[in-house]
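Q: Sequence and predicted structure are below.
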Amino acid sequence: MYEPKIIGFLCNWCSYRGADTAGMARMKYPPNVKIIRVPCSGRISPELVLRCFREGADGVMVLGCHIGDCHYANGNHRTAKRMAILRQLLEYNGIEAQRLCVDWVSAAEGEKFATLIASFTEQVRQLAPFVEIMQ
Amino acid sequence: MSERLTALRETIRQILPQVDGVIGLKTGPAGIVAPYLFKPGHPEMLDSLALWPKEPVPDTLKIIQKAYPNARLAIVCRGCEERGVVEMFKHAQVSLENLTLIGLQCVQEEALFCRCAKPYTVHARVTVGSPIAGVPDPLTEAFAAKSQAEKLAFWKEQFQHCIKCYGCRNICPQCFCNVCALEDEKWVETGRLPLPNPSLYHIIRAMHMTAKCVACRECEETCPAGIPLAIHFRLVARDVKEMFHYETGAVIEQKPPQLLTLEEGDYERSGLP
């Protein structure tokens, strides 16, 4: 059993508040996710995700507002498009797409946030450490 | 081959008086084929008109249009080059005003060489040669059938040869950003080869070519290490077609998906939760 290192990009308006909600409700979730707050999930370029992997992350989470709820009207439409393509591209490069989690968490969904982190950590734990498969 | 050359020469000769220049390929003094601007005053230059090997003529068009925005031009383009011109037009790199497209249809050998699915032009009103059907791409098919570990091993082996010469980016008619992500120290370090895996250089380039790559295979042709780069682009192009119903160069009015918000059904097809 190894402890996977996971980077979580959380949008300031929904997912980061969702994480706050989970915290305020004293919900328990694994400590593997290192959270980085970003203005919008549309800010997350594929380069950032790939650099995370290159630096040794085992998984990357990109969480944003639900489609239609974006603070910037359509920022997460871009996330939805580019992350869908990036997942395919990871597959084509022999990297499991399960390492990249893209989901939508609103400010009220503290429970969804906690379960999502728990399930994603388990999902990544099933795979080999990223640095090992890249050797 | 030679019939097509004669027909093309005749077509250009007819168009030449109506325009300021025709961009085509010409055999130089040392036998090297390169893009050339045939001008109305010098029809004798057409004697050294050439067809093959293909060169990125959309780029030449862009350079000439930048210098002479009002010039009436014509361009000899194959299917892929026509798609390139159309995509560059969508991204405001070339103008289709005052431009005549002369469609040159590829022959079977050329299509097989390029593993081309669309070796014919669709928008050009003046065409030379008869269109043929596309051929399958055995390399991409074989790659798509591989398992996860095999794919990883395949690219590890291929990218080992990469010398990061930036040739694939430089020759690409769709790579026109003034500031390139591949020159950013944050993603691609200077003085280091694209290893270690994952190869950020190649994945970022493939990502940036989403819904832009016109499958002209210039990158593969120019690569000194012979890396089959088109595999990435063709697989992604297939996904873009499935998810966003977008094909590069097919419809001039259709905007590329990255410039727009999600359309009806796009999200459902993207496979996200």
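A: Done, it's in.
Q: ok, which stretches of chain A are strands?
A: With strands called from DSSP state E, chain A shows them at A:6-11, A:33-38, A:59-64, A:100-104.
Q: Pull the residues that contact the third one.
A: Contact partners of strand A:59-64, identified using CB atoms under 8 Å, 6 or more residues apart in numbering or on different chains, comprise A:4-11, A:14-15, A:18, A:33, A:40-42, A:44, A:49, A:52-53, A:70, A:75-76, A:79, A:83, A:98-105, A:113, A:116-117, A:120-121, A:123-124. The C-beta positions use only the backbone N, C-alpha and C, and glycine is treated the same way.
Q: from those, which are also near chain B?
A: A:Phe53, A:Met83, A:Val102, A:Asp103, A:Trp104 (CB under 8 Å from any CB of the partner chain).
Q: which one is the second one nearest to, not counting chain neighbours?
A: In this case it means A:Met83. A:Val102 (4.4 Å; CB to CB, 6 or more residues apart in numbering or on different chains).
Q: Let me see the confidence value for that neighbour.
A: A:Val102 carries a pLDDT value of 94.
Q: next one: B:Pro194
A: On the pLDDT scale, B:Pro194 gets 67.
Q: Stretch B:172-185 close to chain A?
A: Yes: under the criterion of CB under 8 Å from any CB, chain A is reached by stretch B:172-185 at B:Ala181, B:Asp184.
Q: Now do the end-to-end distance for that stretch.
A: 21 Å (CA to CA, to the nearest Å).
Q: Please apply the same query to stretch B:115-131.
A: 15 Å.
Q: Would you mark the buried spots in that stretch?
A: Within stretch B:115-131, the residues that count as buried by 16 or more other CB atoms under 10 Å in any protein chain shown are B:115-124, B:126-129.
Q: Equivalent analysis for stretch B:93-104, please.
A: In stretch B:93-104, the ones that count as buried by 16+ other CB under 10 Å are B:Gln93, B:Val94, B:Ser95, B:Leu99, B:Thr100, B:Leu101, B:Ile102, B:Gly103, B:Leu104.
Q: Could the C-alpha coordinates of stretch A:85-100 be exported in PDB?
A: Below are the C-alpha coordinates for stretch A:85-100, written out as PDB (Å, rounded to 0.1, in the frame of the first residue of the first chain):
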ATOM      1  CA  ILE A  85      -9.500  15.800 -24.900                       C
ATOM      2  CA  LEU A  86      -6.600  15.600 -22.400                       C
ATOM      3  CA  ARG A  87      -8.000  12.400 -20.900                       C
ATOM      4  CA  GLN A  88      -8.000  10.900 -24.400                       C
ATOM      5  CA  LEU A  89      -4.500  12.100 -25.000                       C
ATOM      6  CA  LEU A  90      -3.200  10.600 -21.700                       C
ATOM      7  CA  GLU A  91      -4.700   7.300 -22.800                       C
ATOM      8  CA  TYR A  92      -2.900   7.600 -26.200                       C
ATOM      9  CA  ASN A  93       0.300   8.200 -24.300                       C
ATOM     10  CA  GLY A  94      -0.100   5.100 -22.100                       C
ATOM     11  CA  ILE A  95      -1.100   7.000 -19.000                       C
ATOM     12  CA  GLU A  96      -4.300   5.800 -17.400                       C
ATOM     13  CA  ALA A  97      -7.100   8.400 -17.700                       C
ATOM     14  CA  GLN A  98      -8.300   7.400 -14.200                       C
ATOM     15  CA  ARG A  99      -5.400   9.500 -12.900                       C
ATOM     16  CA  LEU A 100      -7.200  12.600 -14.000                       C
END
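Q: which residues are in contact with that stretch?
A: A:46, A:49, A:53, A:58-62, A:83, A:102, A:123-124, A:127, A:130, A:133, B:143, B:148-155, B:198-199, B:203, B:206-207, B:210, B:231-232, B:235-236, B:239-240, B:243, B:271.
Q: For chain B, which residue gets nearest to chain A?
A: Chain A sits closest to B:Leu152 of chain B, with a gap of 2.6 Å, by CB to the nearest CB.
Q: and the residue lying closest to B:Pro273 once chain neighbours are set aside, what is it in contact with?
A: In space, and not counting its chain neighbours, B:Pro273 is closest to A:Asp103: 5.3 Å by CB to CB, 6+ apart. Shown in contact with A:Asp103 (CB under 8 Å, 6+ apart): A:Met61, A:Val62, A:Leu63, A:Leu116, B:Leu272, B:Pro273.
Q: For PyMOL, write the select line for the buried members of those.
A: In PyMOL, a selection of the buried entries from the contacts of A:Asp103 looks like this (16+ other CB under 10 Å):
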select buried, (chain A and resi 61+62+63+116) or (chain B and resi 272)
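Q: now the contacts of A:Asp103 in JSON lines, with pLDDT?
A: Shown next, in JSON lines, are those (pLDDT from 0 to 100):
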{"residue": "A:Met61", "pLDDT": "95"}
{"residue": "A:Val62", "pLDDT": "95"}
{"residue": "A:Leu63", "pLDDT": "95"}
{"residue": "A:Leu116", "pLDDT": "95"}
{"residue": "B:Leu272", "pLDDT": "80"}
{"residue": "B:Pro273", "pLDDT": "78"}
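Q: Distance to B:Ile32 added to the contacts of A:Asp103, as JSON lines?
A: Shown next, in JSON lines, are the contacts of A:Asp103 (distance: CB to CB, whole Å):
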{"residue": "A:Met61", "distance to B:Ile32": "52"}
{"residue": "A:Val62", "distance to B:Ile32": "48"}
{"residue": "A:Leu63", "distance to B:Ile32": "54"}
{"residue": "A:Leu116", "distance to B:Ile32": "59"}
{"residue": "B:Leu272", "distance to B:Ile32": "49"}
{"residue": "B:Pro273", "distance to B:Ile32": "54"}
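Q: Looking at the contacts of A:Asp103, which is nearest B:Trp52?
A: Taking CB to CB as the measure, B:Trp52 lies nearest B:Leu272 of these, at 43.8 Å.
Q: which one is the closest one nearest to, not counting chain neighbours?
A: Nearest one to B:Leu272, counting by CB to CB, 6+ apart, is A:Val102 at 5.4 Å.
Q: for that neighbour, which residues make a bridge with it?
A: A:Val62 (DSSP bridges).
Q: Many thanks, we can stop here.
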